[in-house]
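1. Following is a predicted model, sequence given first.
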Amino acid sequence: MKIWLLVFLPWWAWAQPADELDAKLLQHYQQLQQDETAREAAIRKGRERAVLCAYCHGKDGNGGKGDIPILAGQNPLYLVHQLERFASGQRKRFVMEKLAQNLDHEEKIHLSLYYASIAQKPAAFDAEKARAGQALFASHCTVCHGERGMGQKGFARIAGQKPEYVKNTLLNFRKDGEKRFSPEMQAITKTLSEQELEQIAHYVASLGQP
C-alpha cells in the first residue's frame, strides 16, 4: 500500500491546482504515508463511513449498476480529488454532491484509502469490441492513463472499469461537460464516434483481467 502513495504523491504535490485541494489534505496524506499504524486506522474509519456508499458502489467498492464506477483499487488521491469536485459542484451528480458536501477532509481521505485498499474484481466485456478498441486506446488514452490504464501521474485508474460506465462517461465529456469538465477529454471524445467510444470502453474493461 505504501508503494502507490510513494508513486502518486510527488506528482500530486506539484500538479494539482491549489484551489482544488488545500494543503491540509496533502499534509494528511504525507503523514499517513510515513505511519503504517495511522494508515490502517484511517482505512478502518473509511470502511465504517463507506456504509453510506455501499448501496450504489457495492459493499466492496466493485459497483452495482453498470453506470456506477468501480471504486475498488482506484488511485486514492484521485478519489479524494473527485470528492472535492463533487463537494464544490465542479462535478455533477445530485446524490454524490450531497454526500460529498457532508464529508470533512479527513473522512474523504479515509474513504479514498479504504477503497484503494480493496482488490478490483474483473468486469464483463465483449472480446470483439475490446480488440477493435485496442488501437484506439493506444492512440488516444495512454498519454494520461498509461499503457495498461492504471492512471500514471495521478490520473484515474480506468483499467477494469465496466464498459457501460466508461462509455457513458466518455459521452458525457463529449457533451461539453454537462456533468464533468475536462478540455482534454472533450477534445478527444469529439474526434471519435459513439461506436469507437464503446470499443474503447470494452478494451478498458479487458485491462482489468488477471
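-> Cool, the structure landed. Numbering: from 1, shown residues only.
2. and the residue lying closest to Gly46 once chain neighbours are set aside, what does it touch?
-> Nearest residue to Gly46, sequence neighbours excluded (C-beta to C-beta, 6 or more residues apart in numbering): Tyr114, at 2.9 Å. Every C-beta, even on glycine, is put in place using the N, C-alpha and C of the backbone. Contacts for Tyr114 were tallied using C-beta atoms under 8 Å, 6 or more residues apart in numbering; they are Ala42, Ile43, Lys45, Gly46, Arg47, Arg49, Ala50, Gly61.
3. What are the phi and psi values at Tyr114?
-> When quoted as degrees, to the nearest 10, the phi and psi of Tyr114 stand at phi -60, psi -50.
4. Please name the nearest non-neighbouring residue to the residue nearest the centre of the chain.
-> Closest to where the C-alpha atoms of the chain average out (C-alpha atoms, centre = their mean) is Ala156, at 4.4 Å. The shortest distance from Ala156 to any residue other than its chain neighbours is 5.1 Å, reached at Tyr78 (C-beta to C-beta, 6+ apart).
5. Which of the helices or strands spans the one you found?
-> helix 76-88 (DSSP states H and E).
6. I'd like to know which elements whichever helix or strand comes after that helix is packed against.
-> Going down the chain from helix 76-88, the next helix or strand is helix 94-101, by DSSP H and E. If you count contacts as 3 or more C-beta pairs under 8 Å, 6 or more residues apart in numbering; DSSP states H and E, helix 94-101 packs onto helix 76-88.
7. helices and strands around the helix it packs on, which ones?
-> helix 2-15, helix 23-34, helix 94-101, helix 105-116.
8. Which positions within it qualify as buried?
-> Pro76, Leu77, Tyr78, Leu79, Val80, His81, Gln82, Leu83, Glu84, Arg85, Phe86, Ala87 (16 or more other C-beta atoms under 10 Å).
9. could you measure the first one against Lys65, distance?
-> It stands for Pro76. As for Pro76, its distance to Lys65 is 24 Å (criterion: C-beta to C-beta, to the nearest Å).
10. got it, and the last one?
-> In this view, Ala87 and Lys65 are 23 Å apart by C-beta to C-beta.
11. cool, and the fifth one?
-> When distance is defined by C-beta to C-beta, Val80 is 24 Å away from Lys65.
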